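S.K.: sequence unknown, structure follows:
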């Protein structure tokens with residue numbers, strides 16, 4: 001299969017560890033604060049890099065302290081900055097991590113969530129098969145330009161992760177995305193909210209009827225449910241996590257692993273099973289970045 005095209009954000013994750021989320025007027029002392037590269041698209045591309053899966057990463061980098069941090073960190077990792085936005089600051093995401101490992105995000109959006117069709121000119125769409133996009137970029141005003149780009153290049157199979165704010169996307173944008181017949185990657189809460197259904201199987205059926213393509217719903221400790229385009233469905237159990245670091249980036253890593261496997265012609269069932277291993281490994285560390293030594297071995301092609 002041809003390389004994947006990953007379009008979206010790279011921001012700075014400001015990870016603040018604390019016992020619990022603060023209440024009004026409460027004064028808390030966080031245990032720690034760290035900074036790291038993050039953003040949904042960056043997390044997806046990071047897994048693909050770890051797995052040496054062919055891909056191109058289109059991520060605009062803005063100015064300011066956060067833009068400089070992103071540029072410097074990407075240079076250290078030998079990741080090319082494909083787009084630099086000179087007139088807009090880069091944003092960040094405050095990740096509040098409770099003692100349970102659960103996280104709450106406060107996102108300050110900047111240049112990293114914008115899109116211009118001209119950025120894609122050096123990267124002909126016919127060179128790719130799959131493309132990843134996230135609902136956070138679609139929600140922004142320039143999300144219309146991203147939708148138009150995809151409508152103009154229907155040779156690309158869209159892998160769409162609406163994310164937790166997917167229900168906030170205006171109906172017109174949402175309809176145009178669904179008309180592209182994307183593969184949906186979504187968690188259980190998001191699936192129920194988007195479909196107005198009461199269980200994940202009914203939600204998957206509803207969403208597949210709309211997209212006419214495969215729907216993958218992650219179910220946390222229960223695993224991942226898939227309703228394929230051809231009607232085949234299955235639940236793949238999760239991998240137990242011995243020690244929880246935090247849940248930052250677990251969903252991004254899951255779809256990143258699936259995309260990586262698909263570019264290597266690994267069947268979808270095996271790709272999702274491997275993605276369950278990857279997301280469990282990410283939950284076992286602090287932050288969204290998985291160290292190479294924690295990477296599970298890829299499934300062997302039969």
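M.R.: Received it, and whenever you're ready, just let me know what you need. Just so it is clear, the model here is predicted, and its values are computed rather than measured.
S.K.: which SSE is residue 270 in?
M.R.: helix 268-283 (DSSP states H and E).
S.K.: Could you check how sure the model is about that helix, as an average pLDDT?
M.R.: Here helix 268-283 scores 95 as its mean pLDDT.
S.K.: Can you list the buried residues in that helix?
M.R.: Residues of helix 268-283 classed as buried by neighbour count (16 or more other C-beta atoms under 10 Å): 268, 270-283. C-beta coordinates here come from the backbone N, C-alpha and C atoms, glycine included.
S.K.: give me the low-pLDDT residue ranges for the stretch 201-302 of the chain?
M.R.: By pLDDT under 70, the low-scoring segments of the stretch 201-302 of the chain are 301-302.
S.K.: which residue sits closest to residue 46, ignoring its sequence neighbours?
M.R.: Leaving out its chain neighbours, the residue that sits closest to residue 46 by C-beta to C-beta, 6 or more residues apart in numbering is residue 289, at 6.0 Å.
S.K.: thinking the one you found is in contact with residue 250, fair?
M.R.: No - the criterion here is C-beta atoms under 8 Å, and residue 289 misses it with residue 250 at 11.9 Å.
S.K.: got a list of contacts for the helix holding residue 270?
M.R.: Outside helix 268-283, the residues that touch it by C-beta atoms under 8 Å, 6 or more residues apart in numbering are 47, 101, 214, 216, 218, 223-224, 226, 228, 234, 236-241, 244-251, 253-258, 261-262, 266, 288, 290, 294-296, 298-299.
S.K.: Tell me the gap between it and the middle of its chain.
M.R.: 14 Å (C-alpha atoms, centre = their mean, to the nearest Å).
S.K.: so where do the strands sit in the stretch 151-300 of the chain?
M.R.: With DSSP state E, counting those that start in this stretch as the criterion, the stretch 151-300 of the chain has strands at 157-161, 183-187, 215-218, 224-227, 233-236.
S.K.: Put together JSON lines for those strands, with mean neighbour count and distance to residue 53 on each row.
M.R.: Output for the strands of the stretch 151-300 of the chain, formatted as JSON lines (neighbours: other C-beta atoms under 10 Å; distance: least, C-beta to C-beta, whole Å):
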{"stretch": "strand 157-161", "mean neighbour count": "23", "distance to residue 53": "13"}
{"stretch": "strand 183-187", "mean neighbour count": "26", "distance to residue 53": "16"}
{"stretch": "strand 215-218", "mean neighbour count": "26", "distance to residue 53": "17"}
{"stretch": "strand 224-227", "mean neighbour count": "22", "distance to residue 53": "19"}
{"stretch": "strand 233-236", "mean neighbour count": "16", "distance to residue 53": "20"}
